[in-house]
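# Give me the fold of what follows.
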Amino acid sequence: MAAALEAAGDGDVLTVAPGTYRENLIVQRAVTLRGPEGSPGSVRIAPVDGVPLTVRASATVQDLHVEGQDSAAPALLVEEGAPELVDVRVVTRSASGIEVRGGARPTVRRCTVDNPGGIGIAVLDGGGGVFEECEVVAAGQAGVAVRGGAHPRLERCRVHHASGAGLSATGEHSGLEAVGCEIYEIKGSGVQITGRATAHLTNCDVHRTTSDGITLDTDAVLTLADCHIHDIPENAVDLRSRSVLTLTRSTVRQFGRNGLSVWDPGTRVDANQCEIHDSTGDYPAVWVSDGATAVLDACRVHDVPDALFVLDRGSRVDVVDSDLSQVRNTAVSVSDGATAQLDDCRIREAATGAWFRDHGSGGTLANCTVDAIQTGVIVTKGADPTIERCTVTSPAEAGFYVSAGGRGTFQGCRVTGSEGYGFHVIDGCRTTLKKCRTERCARGGYEFSEDGPLVEECTSDESGGIRPGASAAPQPAVQTQSATQTVGLLSQVPDQRAEAPAEEETPARTSQAVLGELDTLVGLESVKREVRALTDMIEVGRRRQEAGLKAASVRRHLVFTGSPGTGKTTVARLYGEILASLGVLDKGHLVEVSRVDLVGEHIGSTAIRTQEAFQRAHGGVLFIDEAYALSPEDSGRDFGREAIDTLVKLMEDQRDAVVVIVAGYTAEMERFLSVNPGVASRFSRTITFSDYVPEELLRIVEQQTDEHEYRLGTGTSEALLKYFTALPKGPAFGNGRTARQTFESMVEQHAGRVAQLGEPSTDDLTLLYPEDLPELP
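Numbering: from 1, shown residues only. Sure thing, here's the model as predicted:
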């Protein structure tokens, strides 16, 4: 055959007789090389090594069976020209079944690749071409791999039983286009786009993978139109590191973790007319964190544990004209400083419609309806959203619920048919209600604590309504709560007008008992010494006063510096309890605030917020986390300066009523104190919280193990020590939090391992082994 190919000229047709040919063939002219008609598979090209068939011209190759044995070489190599490959079957254990390189642009029709030893189809180094109705029936690595600036197009292809990604594109200028393709039974991700590569999938089906359905990483760009991703045990789609995904008219269903998992600053998802539903796990359908962004327009999310979780500062979701329904827990959760904007959306059949959870979390709900839920909107722990022209219908507990320092502005909102309250605001939260209305609320339209929200022009169908401008609503008649009322968030809240039984006071602990708890904390030896020294100074001073002697003045305000997760808040709580036990403070309770709780949006509001925080901490400790944020380097006309000035004055005026602790990263706190000498002069002592060393992280895991009734198996302690030693200690390192997360990951891995056992023993149920450790990031 090699001699025939050498003698043939352009345009010649070579029909090969049936048989097995042990030659390495090279097609260098525009000839037609084909097997006999009506005898598919009768011509086998099967040399003992090397590349069985190389094409370097715009030839036609048809009805051949190619077998390779060389793990370092492809079975069919296309290097130049625009050849046509038709009805070729490649059965091999080669580096790749079909490989296209350089300037080659083949058209490949109805070809099959079976290569359990390597890549199914590889398009490399600027190669391209069109693959029509082809099938990769097995691959030891990726089914289709694109890299080095290559850019193929797949039409109506099937890729399955691959042991790497189904489709993989990596590297700048690399791209992949797939139309009408199916990717399934993949031991890995169905589609993997990384390293600045791009891909466009239209009318494709990705399902039955062992890992994520689609993975994007490091500036990858992917467009999905009319696609279906389903039956995925992990994340249906996972994006990281500035990747961008656009989905149009696509469905995501039956996923074990997140439907859309979006991480890192610059990472973005835009979904239009999409449907995400039928989760098989216990995770949110859409997860947006670490500064990422997601936009959902005219989408439906339903039959999921939670619909949308957005968390971390810089993270944002925008949801427009979308439906969130049949949600077992929370439809929209906003936490850790994230932002959510919902416009013209419909939330129904959920435990909670939207929950703004904590400091810095906020956003806007505008023109939304919330139906058939337990509680419509919850605002807690310093969160401050704006809710405009929203309607909550038939909540089981409350239309809007604010507690634990939550704020929020509610304007033009309506609650109808609540089995509990319409608006329920407790804990003296400084919420603002404007032009709101309640109708047919069983326990009352408005229920506020004594020092309640600001209310303007709100009405109710109850007699008397609400006085405009009143700081709290009048007390409406309340129906007695029946024994059969649904149990949920507000069932724990007592009727504030009922006479509550007196609570038994918990006896205060002695300072030595509290110091004993401090000693049980892992590490922090220098911190413990500092706190003991302060305690001794205060205790001896108190005894000197009792003896009629002069006592040295001890400034009790402190500066805590160090990384997150090093125990600063825990030590602050114990310090307050110690001061209370010594009679220095009346209560010793801890009030934790940050910039968002102290700094307002206009002149004058900051002083009010700071005074309110100080008042809440009266008799206890005011703990200001990330205090350096009150004085940013590029402050300009920032109102943080007003908070600092107010704080300094209050510390002087109420020096015996409140102890103030400011905390944050070491370098940032040094700068904060250096540029604010008035603040620095109020603090006598700086306590530095060092990062945990590997041995201390191991001790934290051991404590968690004992607390949760697990045990560390043989070699696990040593493996943990190695793990914590190798763990990167960058800005994201969480110290004690990282140790606890490691333990939680081990427990999760242990559960997956033990669940496969028929009748596990007690040792099986309790022992954690080195293989349960998570992978290093």
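
# Need the nearest residue in space to residue 717, chain neighbours excluded.
residue 698 (6.4 Å; C-beta to C-beta, 6 or more residues apart in numbering). Where you see a C-beta, it was placed from the backbone N, CA and C, and this is true even at glycine.

# Spit out the contact partners of that neighbour.
Contacts for residue 698 (C-beta atoms under 8 Å, 6 or more residues apart in numbering) come out as 717, 720, 721, 724, 739.

# Just say helix, strand or coil for the first one.
Yep, that's residue 717 we're talking about. On the three-state scheme (DSSP: H, G, I helix; E, B strand; the rest coil), residue 717 is labelled helix.

# And it, how far from residue 697?
11 Å (C-beta to C-beta, to the nearest Å).

# Mind checking which of these two has more residues around it?
Taking other C-beta atoms under 10 Å, residue 717 and residue 697 do not tie; residue 697 has more neighbours (25 against 15).

# Need the phi and psi values for the more buried one.
When read as degrees, to the nearest 10, the backbone of residue 697 gives phi -60, psi -40.

# ok, now residue 39?
phi -130, psi 60.

# returning to that earlier point: A helix includes the residue nearest to residue 717, no?
Yes: counting by three-state DSSP, residue 698 is found in a helix.

# Okay, and the beta partners of residue 112?
Bridge pairing for residue 112 (DSSP bridges) gives the partners residue 89, residue 135.

# no wait, residue 373
Going by DSSP bridges, residue 373 forms beta bridges with residue 350.

# thinking again about what came up before, from residue 745, how far out is the residue nearest to residue 717?
Taking C-beta to C-beta, one finds residue 698 at 15 Å from residue 745.

# just residue 458 next, same as before
Where residue 745 is concerned, residue 458 sits at a distance of 48 Å (C-beta to C-beta).

# so for stretch 624-637, what's the average pLDDT?
What stretch 624-637 shows for mean pLDDT is 73.

# ah, wrong one, I meant stretch 583-600
82.

# looking at the protein, which helix or strand does the model trust least?
helix 677-680 (a mean of 71; mean pLDDT, DSSP states H and E).

# Tell me where this structure is predicted with low confidence.
Along the chain, segments meeting pLDDT under 70 span 449-452, 463-508, 550-555, 600-605, 633-638, 675-678, 731-732.

# Contacts only, for the residue nearest the centre of it.
What sits nearest the mean C-alpha location of the chain, by C-alpha atoms, centre = their mean, is residue 289, with 4.1 Å. For residue 289, the contact set (C-beta under 8 Å, 6+ apart) comprises 262, 263, 309, 310, 311, 312, 315, 338.

# ranges for the helices of this protein?
For the chain, the helices defined by DSSP state H cover 2-7, 511-520, 525-546, 568-581, 595-598, 605-616, 640-653, 666-675, 677-680, 694-707, 716-726, 736-754, 762-766.

# Which of the ones you listed sits closest to residue 178?
Residue 178 lies closest, by C-beta to C-beta, to one member of the helices of the chain: helix 736-754, at 32.3 Å.

# what's the offset of that closest one from the middle of its chain?
17 Å (C-alpha atoms, centre = their mean, to the nearest Å).

# what packs against it?
Contacts defined by 3 or more C-beta pairs under 8 Å, 6 or more residues apart in numbering; DSSP states H and E place helix 736-754 against helix 694-707, helix 716-726, strand 767-768.

# quick check: angle from it to helix 694-707?
Going by axes from the mean of the first three to the mean of the last three C-alpha atoms, to 10 degrees, helix 736-754 is angled at 50 degrees with respect to helix 694-707.

# Please identify the buried residues of helix 736-754?
Of the residues in helix 736-754, 736, 738, 739, 740, 742, 743, 746, 749, 750 count as buried by neighbour count, 16 or more other C-beta atoms under 10 Å.

# now stretch 281-288
Those would be 281, 283, 284, 285, 286, 287, 288, for stretch 281-288 by 16+ other C-beta under 10 Å.

# So what's the gap between it and the chain middle?
8 Å.

# circling back to that earlier point, deepest-packed of the helices and strands packed on helix 736-754, please.
Across the helices and strands packed on helix 736-754, averaging neighbours per residue (mean count of other C-beta atoms under 10 Å) puts strand 767-768 on top, at a mean of 20.

# Now that residue 519 has come up, it's in contact with residue 527, right?
No: at 11.0 Å, residue 519 does not count as touching residue 527 under the criterion of C-beta atoms under 8 Å.

# out of these two, which sits in the more crowded spot?
More neighbours surround residue 527 than the other of residue 519 and residue 527, with 21 against 11 (other C-beta under 10 Å).

# give me every residue that touches the more buried one.
567, 571, 687, 688, 689.

# Ok, residue 336 next?
Applying C-beta under 8 Å, 6+ apart to residue 336 gives the contacts 311, 312, 313, 357, 358, 360, 361.

# tally of neighbours for the fifth one?
Think residue 358. Residue neighbour count, defined by other C-beta under 10 Å, stands at 22 for residue 358.

# Which residues are in contact with the nearest residue to it once chain neighbours are set aside?
Once flanking residues are discounted, residue 358 sits nearest to residue 381: 4.2 Å by C-beta to C-beta, 6+ apart. The contact partners of residue 381, by C-beta under 8 Å, 6+ apart, come to 357, 358, 359, 404, 405, 406.

# Just the buried ones among those, please.
Buried among those (16+ other C-beta under 10 Å): 357, 358, 359, 405, 406.

# Select, from these, the two members most distant in space.
Of all pairs in the buried ones among the contacts of residue 381, the most separated under C-beta to C-beta is 357 and 405 at 11.3 Å.

# Sweet, I'm off.
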